[in-house]
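In: this one's sequence-less:
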């Protein structure tokens, strides 16, 4: 089965609005060393975690869900970062990657929820991305 997480990371890293806020700090599964800091040292960054990748029973397609946490230095920046991430993936139609992964559509499934990280108290907004993608390589 093909994993769309890498493609999702690249799409958010390559988005100009997202990158202007995070300077390339879009991570898979957990923050990188130096991302999650204490008060007064906060950096903006994004963490994408796989929630589920169920396959449809009769076709080679998966309906993958990813939790996205958008960390900002302020609550306002966290919300701005959420908006940029949502804009980068919401209702983006078909695309085919060089490895043959096909993504039919991606969307912001939940909208943003503002909170704070329980360990660092850093402001964050989280949301869920859902996408419909192939489970095997396809060609055009």
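Out: In hand now; what should we look at? As the structure is a prediction and not an experimental result, all values here were calculated from the model. Numbering: from 1, shown residues only.
In: any idea which element the nearest residue to residue 67 once chain neighbours are set aside lies in?
Out: Spatial nearest neighbour of residue 67, chain neighbours left out: residue 49 (4.6 Å); criterion: CB to CB, 6 or more residues apart in numbering. Heads up, the C-betas are built off the backbone N, CA and C, glycines and all. When elements are assigned from DSSP states H and E, residue 49 belongs to strand 45-52.
In: what do you get for residue 88?
Out: Residue-wise, residue 88 maps onto helix 75-89 under DSSP H and E.
In: in that helix, what's buried?
Out: By neighbour count on 16 or more other CB atoms under 10 Å, the buried set for helix 75-89 is 77, 78, 79, 80, 81, 82, 83, 84, 85, 86, 88, 89.
In: ok, then the element right after the strand holding residue 49?
Out: Following strand 45-52 toward the C-terminus (DSSP H and E): strand 61-71.
In: quick one: mean pLDDT for that following strand?
Out: For strand 61-71, mean pLDDT rounds to 97.
In: now find how far off-centre that strand is within its chain.
Out: Relative to its parent chain, strand 61-71 has a centroid offset of 6 Å by CA atoms, centre = their mean, to the nearest Å.
In: start the count at 215, not 1, going forward
Out: In the new count, where the first residue is 215, that last one comes out as strand 275-285.
In: mind listing what's buried along that strand?
Out: 275, 276, 278, 279, 280, 282, 283, 284, 285.
In: how about those residues in CSV, adding distance to residue 327?
Out: CSV is the format used below for these (distance: CB to CB, whole Å):
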residue, distance to residue 327
275, 28
276, 25
278, 20
279, 15
280, 15
282, 11
283, 10
284, 10
285, 13
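In: what lines up beside the lowest-mean-pLDDT helix or strand in the chain in the sheet?
Out: Of all helical and strand segments in the chain, the minimum by mean pLDDT, DSSP states H and E falls on strand 309-310, at a mean of 88. Taking DSSP bridges as the criterion, strand 309-310 sits next to strand 316-322 (antiparallel) in its sheet.
In: ok, residues contacting the partner strand?
Out: Strand 316-322 has contacts (CB atoms under 8 Å, 6 or more residues apart in numbering) with 218, 221-222, 275, 300, 303-311, 341-348, 352.
In: great, nothing more from me.
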